[in-house]
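Chemist: sequence first, then the predicted structure, then my questions.
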There are 2 protein chains.
Amino acid sequence: MRNAEFDKEKVLRSAMNAFMNKGFANTSMQDLKKATGLHPGSIYCAFENKRGLLLAALEQYRLDRQAEFERFFSASQRTTDNLKLYLDNVVTECISCDNTQACLLTKTLNEAAEQDIEIQQVISDNLSMLQQAFAEKFEQAKKEGDISAQKDSEHLARYFLMGMYGLRTFAQTHPEPRVLKQLAEQLYQDVLR
Amino acid sequence: MRNAEFDKEKVLRSAMNAFMNKGFANTSMQDLKKATGLHPGSIYCAFENKRGLLLAALEQYRLDRQAEFERFFSASQRTTDNLKLYLDNVVTECISCDNTQACLLTKTLNEAAEQDIEIQQVISDNLSMLQQAFAEKFEQAKKEGDISAQKDSEHLARYFLMGMYGLRTFAQTHPEPRVLKQLAEQLYQDVLR
DNA sequence: TCCTTTTTTGAATGTTCGTTCAAGATACTC
DNA sequence: GAGTATCTTGAACGAACATTCAAAAAAGGA
């Protein structure tokens, strides 16, 4: 017997970053070897192939994002405040250059969408879960009286998500903090109103 | 002497579609040969290499989009009506499955951003031009009294563009016409208000 | 009609890619 | 502490890729 030496979470986060930086197709096994510290053989032993590594990285990404989501929404009593904090964090992520400025889900969706139905489905499911999570928060905010009871939480969640997608794309060409903050602020206002 | 046989615009539009469908990295020269009808040698003769073809396709895309923009904004007297028509057209594009559902600019931006500064610059410039064009239309709508004079046209243009980016991304996972139309409608309302 | 010039053609090239595999290393079991 | 099962290693593999090139074709000028 012998157990695997590497830390699976660490490896997957490294792979995540590599894929986010260069995209799936442009990330070679050599890049992945450098990023993860794993030799090709080990990657194939643990994840079957490059695509398997992407799927595992997507799952890790989901877990990380879910944990982050819950962290944000246990911060304050007021759900709308937490929404604003979440949005501000997206802006901060967009601004910080060392980070990838992109979401692995949307980035991979753009790239592997037409060609790999299973990956498309995984991403689509992940995004739906996020949307559902936001819908619940909007519902909560309605109960707290910060959002009109007549509004449709599902619609608000979709619109909010759409705004964040757009914000991330916009930031890729114009990563000016002032502008991004202004856009996020307006998105927040429009959702609240 | 001998002139080139192929129709440059047709070839570039074919290449555009190929790149939009599969992305730059995943579109092989064989794919491009099939799409354009040009043999590898001819492509290299006319565009230097695959990257040169992408640059030429991006330029053709810009010209086509610019023409489309002007067509939309010469439709009616009221600028805000034309804005709505433009937005509805985006939704229609997103829904139609045969089309690529994506914008070559944002798709390529997502893919080749980190690795090719020149292409990033070209795309960034194109999107800035589009943003500027929208800003002028918002300025016009202010003069026509459909948008409050206190609003900042530049900001509105950015927000509108951001919304369209988001809409396109959203459509990739949930291409339901009803939902997309609802999102577009809200975006339009938020910009107008 | 013939010559020149340019384009078209598609096979050949060298490179890089994802993937495999056999040998060596390592930790657990008894 | 020996045996064994599993993981690690990195060189080797074929396939696919972008690119090149020399020969063939075709169009214009004389």
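Modeler: Ah, there it is.
Chemist: and the helices in chain A?
Modeler: A:8-22, A:29-36, A:40-47, A:50-72, A:79-95, A:104-112, A:117-143, A:153-173, A:177-192 (DSSP state H).
Chemist: any idea which of those gets closest to chain B?
Modeler: Among the helices of chain A, the nearest to chain B by C-beta to the nearest C-beta is helix A:153-173 (3.0 Å). (Glycine included, C-beta is placed from N, CA and C.)
Chemist: now that closest one: average pLDDT?
Modeler: Averaged over helix A:153-173, pLDDT sits at 97.
Chemist: who are the packing partners of it?
Modeler: helix A:79-95, helix A:117-143, helix A:177-192, helix B:104-112, helix B:117-143, helix B:153-173, helix B:177-192 (3 or more C-beta pairs under 8 Å, 6 or more residues apart in numbering or on different chains; DSSP states H and E).
Chemist: got those helices as CSV, with mean neighbour count columns?
Modeler: Converted to CSV, the helices and strands packed on helix A:153-173 look like this (neighbours: other C-beta atoms under 10 Å in any protein chain shown):
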stretch, mean neighbour count
helix A:79-95, 18
helix A:117-143, 17
helix A:177-192, 18
helix B:104-112, 23
helix B:117-143, 17
helix B:153-173, 23
helix B:177-192, 18
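Chemist: now these as a markdown table including distance to DNA strand C?
Modeler: Putting these into a markdown table (distance: least, C-beta to the nearest atom of the strand, whole Å) gives the following:
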| stretch | distance to DNA strand C |
| --- | --- |
| helix A:79-95 | 26 |
| helix A:117-143 | 13 |
| helix A:177-192 | 33 |
| helix B:104-112 | 15 |
| helix B:117-143 | 18 |
| helix B:153-173 | 23 |
| helix B:177-192 | 34 |
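Chemist: in terms of mean pLDDT, which of those ranks lowest?
Modeler: Among the helices and strands packed on helix A:153-173, helix B:104-112 scores lowest, with a mean of 90.
Chemist: now the angle between helix B:8-22 and it, please.
Modeler: 50 degrees (axes from the mean of the first three to the mean of the last three C-alpha atoms, to 10 degrees).
Chemist: TSV please, covering the helices and strands packed on helix A:153-173 and showing distance to A:Phe6.
Modeler: Shown next, in TSV, are the helices and strands packed on helix A:153-173 (distance: least, C-beta to C-beta, whole Å):
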stretch	distance to A:Phe6
helix A:79-95	27
helix A:117-143	23
helix A:177-192	37
helix B:104-112	29
helix B:117-143	34
helix B:153-173	32
helix B:177-192	42
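Chemist: stretch A:13-27 - what's its average pLDDT?
Modeler: Here the average pLDDT along stretch A:13-27 is 94.
Chemist: isn't A:Phe134 right up against A:Phe160?
Modeler: Yes - checked against C-beta atoms under 8 Å, the pair A:Phe134 and A:Phe160 is within contact range at 5.7 Å.
Chemist: and the residue nearest the centre of chain A?
Modeler: In chain A, the C-alpha nearest the mean C-alpha coordinate belongs to A:Cys103, at 4.4 Å (C-alpha atoms, centre = their mean).
Chemist: identify the residue spatially nearest to that residue, adjacent ones excluded.
Modeler: Leaving aside its sequence neighbours, A:Cys103 sits nearest to A:Arg168 (C-beta to C-beta, 6 or more residues apart in numbering or on different chains; 6.1 Å).
Chemist: find the closest residue to DNA strand D in chain A.
Modeler: For chain A and DNA strand D, the shortest gap (C-beta to the nearest atom of the strand) falls at A:Gly41, measuring 2.3 Å.
Chemist: can you pull the contacts of that residue?
Modeler: Residues counted as contacts of A:Gly41 (C-beta atoms under 8 Å, 6 or more residues apart in numbering or on different chains): none.
Chemist: nearest to B:Glu9, of the helices and strands packed on helix A:153-173?
Modeler: helix B:104-112 (15.0 Å; C-beta to C-beta).
Chemist: what about that closest one, near chain A?
Modeler: Yes - against chain A, helix B:104-112 shows contacts by C-beta under 8 Å from any C-beta of the partner chain at B:106-107, B:109-111.
Chemist: save these as JSON lines, and put in distance to DNA strand D too.
Modeler: As requested, those are arranged in JSON lines below (distance: C-beta to the nearest atom of the strand, whole Å):
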{"residue": "B:Thr106", "distance to DNA strand D": "21"}
{"residue": "B:Lys107", "distance to DNA strand D": "16"}
{"residue": "B:Leu109", "distance to DNA strand D": "19"}
{"residue": "B:Asn110", "distance to DNA strand D": "18"}
{"residue": "B:Glu111", "distance to DNA strand D": "13"}
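Chemist: how about the residues you listed, which pair is most distant?
Modeler: Most distant of the residues of helix B:104-112 next to chain A, by C-beta to C-beta, are B:Thr106 and B:Glu111, 9.8 Å apart.
Chemist: please enumerate the shared neighbours of those two.
Modeler: Contacts common to B:Thr106 and B:Glu111, judged by C-beta under 8 Å, 6+ apart, are A:Asn110.
Chemist: give me the neighbour count for the residue lying closest to A:Leu104 once chain neighbours are set aside.
Modeler: Once flanking residues are discounted, A:Leu104 sits nearest to A:Tyr61: 4.8 Å by C-beta to C-beta, 6+ apart. Residues near A:Tyr61, counting by other C-beta atoms under 10 Å in any protein chain shown, number 22.
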